[in-house]
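Chemist: curious how this folds, go ahead:
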Amino acid sequence: MNALRLLAAAMLALSAAGSWAAAEAPIDIDRYLAEPPAPIAKPLPAAWEPLRARLAEQVRALVEGPRLAPLRMEIGLAGCEFFFDHSGQTVLSLSLAARHLPPDLRGKLADYLEAEIRKYPPHTSGCWYPINEGRRRENYVVTDELLAGSRRQALAHPFGNVYALWAMAHELDCWPPVAERWPEIRDSYRSFRESGWRLDPAKGDLFANRYLAALVAYVRIARRMNEPTEAEAARRQAEELAAGIVENWRRDSQSVLIPKFENVVEFDRWRGEGAGGFFFRVSGHKAKVARFHDLTPEVARLVADHALPAAKVYLDFVDRSLPGWYLAGEERQFHFGENYVDYPDFAMDIFLAKAYLEKSPPEKLAGWVDMPWCAGDLYYIEKLALVLDAAAAMP
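Modeler: Have a look, this model is predicted:
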């Protein structure tokens, strides 16, 4: 029986390798750097209007309501993380919703985001919100003691938020506020470059997609600012990183097949090592879906063009093994690891892969939106926007 399983796994790996070999070609990074056309608000069938109204309601509550504090989430032995705790996420999620909002709310949103990037510049270390200021998002009492301690184990370089700035300018047609910050954006890129960060394809990195998206956005902004030298430097770095991301996606896909376990020790070891490469180990009890983390349309297109067989393996793993992935507060299926729920970005990351990479139909995406984790749930807003994007793209 074990021999048959090994043979089947080997045949699948060889089949995938053959598919890759046939598709392997130098990555034309310029395909992913080209700026998309200006967004157009398309009319949607009446069936989607309730969803659009819900999106407008959520955005209006943030733009016109009281300021909200970051969401505190403690899920068990994995510990505490704060979400919606920096301006990059705010700017990105709200910008992606812009094309589906009524004109009056779009205008208010543009003003809101311009004020946001002035007070909390996403591309600098000033992007982080104080965790104890604003109305609490949680549905439970958060004491001062609970707010003590570190906010995250790993922080991305603020350059990773440059994609959010580009999305704001592109979606709301408000380039002047971004152009005014060009010298700061350029300094942020140089700081990132001088940090020496590089992707090791054998290990992966939680922020690889974020940084590639930021490099894509930086090239676009630099070209608008008539800075060809800056654009070319970022272009070369994006090309190198894109190749590393593709290699990382391909590496472990044949290991994601669930093997036969002789005992629970083998199962725990397999799960602890990332379930064959699906999970990225952050710490002893904390893992995230790094390959799906912070996906954007550009990064998803790259993966679809150069590692589609591997992508299908990871997406099939979700369908086969994580049936409750989309539920807020879902039970953790086999990857529980002494935590009682997953962090909110677990469902968000898989939703991004379903929307951008799998290109699931809007009816399916709508069923995976579920309910908000909290007041001002930016992931909920982003999911609603992506459903409407998919509906607008239907013939």
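
Chemist: switch to C-alpha atoms for all contacts and neighbour counts from now on
Modeler: OK.

Chemist: all the helices of the stretch 201-350 of the chain, residue numbers only.
Modeler: In the stretch 201-350 of the chain, the helices defined using DSSP state H, counting those that start in this stretch lie at 208-224, 228-251, 264-272, 297-306, 308-321, 344-352.

Chemist: could I get those as TSV with mean neighbour count?
Modeler: Converted to TSV, the helices of the stretch 201-350 of the chain look like this (neighbours: other CA atoms under 10 Å):
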stretch	mean neighbour count
helix 208-224	24
helix 228-251	19
helix 264-272	15
helix 297-306	20
helix 308-321	18
helix 344-352	21
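
Chemist: so which of these is nearest Glu194?
Modeler: Across those, the minimum distance to Glu194, taken as CA to CA, is reached by helix 228-251, at 12.2 Å.

Chemist: so what's Cys80 up against?
Modeler: The contact partners of Cys80, taken as CA atoms under 8 Å, 6 or more residues apart in numbering, are 72-74, 151-152.

Chemist: cool, and Pro66?
Modeler: By CA under 8 Å, 6+ apart, the neighbours of Pro66 are 134-135.

Chemist: can you offset everything so residue one is 58?
Modeler: I'll keep to 58 as the first residue from here, and by that count the last item is Pro123.

Chemist: and the gap between it and Arg255?
Modeler: 40 Å (CA to CA, to the nearest Å).

Chemist: what of Arg238?
Modeler: According to CA to CA, Arg238 stands 26 Å off from Arg255.

Chemist: likewise Asn305?
Modeler: Asn305 is 13 Å from Arg255, by CA to CA.

Chemist: and for Pro401?
Modeler: According to CA to CA, Pro401 stands 27 Å off from Arg255.

Chemist: with Gly331 instead?
Modeler: 21 Å.

Chemist: and what of Ile315?
Modeler: Applying CA to CA, the value for Ile315 to Arg255 is 31 Å.

Chemist: same question for His157.
Modeler: 37 Å.

Chemist: which one's more surrounded, those two?
Modeler: Taking other CA atoms under 10 Å, His157 and Arg255 do not tie; His157 has more neighbours (23 against 13).

Chemist: doesn't Pro96 make contact with the more buried one?
Modeler: No: counting by CA atoms under 8 Å, His157 stays clear of Pro96, with 10.1 Å between them.

Chemist: what's the closest non-adjacent residue to Arg124?
Modeler: Closest residue to Arg124 apart from its sequence neighbours, by CA to CA, 6 or more residues apart in numbering: Gly191 at 5.2 Å.

Chemist: burial count for the one you found?
Modeler: Neighbours around Gly191, by other CA under 10 Å: 13.

Chemist: all strands for the chain, in order.
Modeler: 128-131, 137-140, 337-340, 343-345 (DSSP state E).

Chemist: so which of those is the most packed in?
Modeler: strand 343-345 (a mean of 21; mean count of other CA atoms under 10 Å).

Chemist: Phe318 and Phe324 touch, don't they?
Modeler: Yes: here Phe318 lies in contact with Phe324, judged by CA under 8 Å, at a distance of 6.0 Å.

Chemist: what's the residue closest to the geometric middle of the chain?
Modeler: Asp351 (1.9 Å; CA atoms, centre = their mean).

Chemist: returning to what we had before: closest one to Pro429 among the helices of the stretch 258-407 of the chain?
Modeler: Comparison of the helices of the stretch 258-407 of the chain against Pro429 by CA to CA identifies helix 401-409 as nearest, at 9.7 Å.
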